[in-house]
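>>> have a look at this prediction, sequence included:
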Amino acid sequence: MSSSKYVTDEPDFTSKKKLSPIQIVIYVFLVLISIAYILPLLWLFNVSFKTNKEIFTAPFALPEHISFDNFSFAWTKGHLGTATFNSFIVCVIALILSLIIGSMAAFGIVRMRWKGAKLAMTYFLTGMMIPVHCVLIPLFTRFADFHLSNTLTGIIIPYVTFSLPITIFIMTGFFKSIPNELIECACLEGANVFQIFSRICLPLGKTGLCVTGLMTFIGNWNELLVAMVFISDETKKTLPVALSKFVGPHGTNYSQMFAAIIIAIIPTIVVYCAFSNQIVDGLTAGAVKG
């Protein structure tokens with residue numbers, strides 16, 4: 001009997017796909033970029049445990065003794081504990097307000113038919129081209145009249161205002177991608193506008209909310225100019241303003257300053273690492289669908 005041959009559809013895992021020269025160059029470039037971003041963070045973390053003498057004599061060596069005195073000083077004497085709490089309160093409130101107002105505005109512009117929709121979109125996008133420096137003096141004088149200067153409310157309002165354009169811009173791209181058939185079916189079932197927005201559009205635009213929320217939180221967490229201009233009370237200063245106090249006019253304790261910087265960047269790194277997949281997926285989806 002002749003031997004029969006069997007053909008299987010199982011993939012051949014032994015064969016390795018060779019990378020093209022262009023792919024190799026791209027991978028090498030990405031590795032170099034990653035190293036360029038990671039090394040300064042590792043060096044910053046290393047020197048935060050050193051003394052000033054060790055920083056100047058051996059800046060790239062490991063610390064002789066692991067001590068958390070710099071972190072303790074930055075948290076207590078440098079008032080980073082109070083500043084971190086203020087930044088958290090301000091950023092969370094500004095985040096919630098910008099997401100609620102921005103998503104509702106984007107839904108009204110994209111999904112509701114009215115004559116001023118395009119004009120409203122143009123108006124909001126114009127806000128992306130106005131830098132905060134141009135409105136500091138008018139805002140300061142106006143807030144002083146309403147007794148909002150030197151209050152956390154006085155910096156929450158500008159944070160929400162300057163976060164709205166990018167929030168509306170991104171959310172409109174996600175709301176446009178929702179099939180019209182879903183909206184029509186909801187209308188036939190008797191759903192009102194608020195139910196369509198809250199039960200259909202918001203769940204489908206959850207990735208966009210993640211992207212805009214993270215961008216808003218990190219941007220407001222690192223904001224310095226508005227908080228420095230509007231806040232003068234030491235108990236109400238935010239984290240970036242408190243960090244600026246570690247640099248003196250006649251001298252700087254670099255070890256304590258580096259420890260304070262580590263404390264300031266840890267929350268943003270944790271938040272970004274926790275939601276990095278949502279950021280990539282949201283930006284990709286918004287670019288394709290919008």
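It's in.

>>> quick check: pLDDT value at Pro158.
pLDDT recorded at Pro158 is 92.

>>> where along the stretch 151-290 of the chain do the helices fall?
Remark: helices assigned in the stretch 151-290 of the chain by DSSP state H, counting those that start in this stretch are 153-176, 180-188, 193-196, 202-204, 206-221, 225-230, 239-244, 254-274, 276-289.

>>> JSON lines for these, including mean neighbour count and distance to Thr126?
Any C-beta I mention is one placed from the backbone N, CA and C, and that applies to glycine too. Shown next, in JSON lines, are those (neighbours: other Cβ atoms under 10 Å; distance: least, Cβ to Cβ, whole Å):
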{"stretch": "helix 153-176", "mean neighbour count": "22", "distance to Thr126": "8"}
{"stretch": "helix 180-188", "mean neighbour count": "12", "distance to Thr126": "28"}
{"stretch": "helix 193-196", "mean neighbour count": "14", "distance to Thr126": "26"}
{"stretch": "helix 202-204", "mean neighbour count": "14", "distance to Thr126": "26"}
{"stretch": "helix 206-221", "mean neighbour count": "21", "distance to Thr126": "18"}
{"stretch": "helix 225-230", "mean neighbour count": "20", "distance to Thr126": "20"}
{"stretch": "helix 239-244", "mean neighbour count": "21", "distance to Thr126": "27"}
{"stretch": "helix 254-274", "mean neighbour count": "17", "distance to Thr126": "29"}
{"stretch": "helix 276-289", "mean neighbour count": "14", "distance to Thr126": "20"}
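
>>> output the ones you listed as JSON lines; include the columns distance to Leu80.
Output for those, formatted as JSON lines (distance: least, Cβ to Cβ, whole Å):
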{"stretch": "helix 153-176", "distance to Leu80": "18"}
{"stretch": "helix 180-188", "distance to Leu80": "48"}
{"stretch": "helix 193-196", "distance to Leu80": "42"}
{"stretch": "helix 202-204", "distance to Leu80": "36"}
{"stretch": "helix 206-221", "distance to Leu80": "13"}
{"stretch": "helix 225-230", "distance to Leu80": "14"}
{"stretch": "helix 239-244", "distance to Leu80": "6"}
{"stretch": "helix 254-274", "distance to Leu80": "6"}
{"stretch": "helix 276-289", "distance to Leu80": "26"}
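
>>> this completes my enquiry, with thanks.
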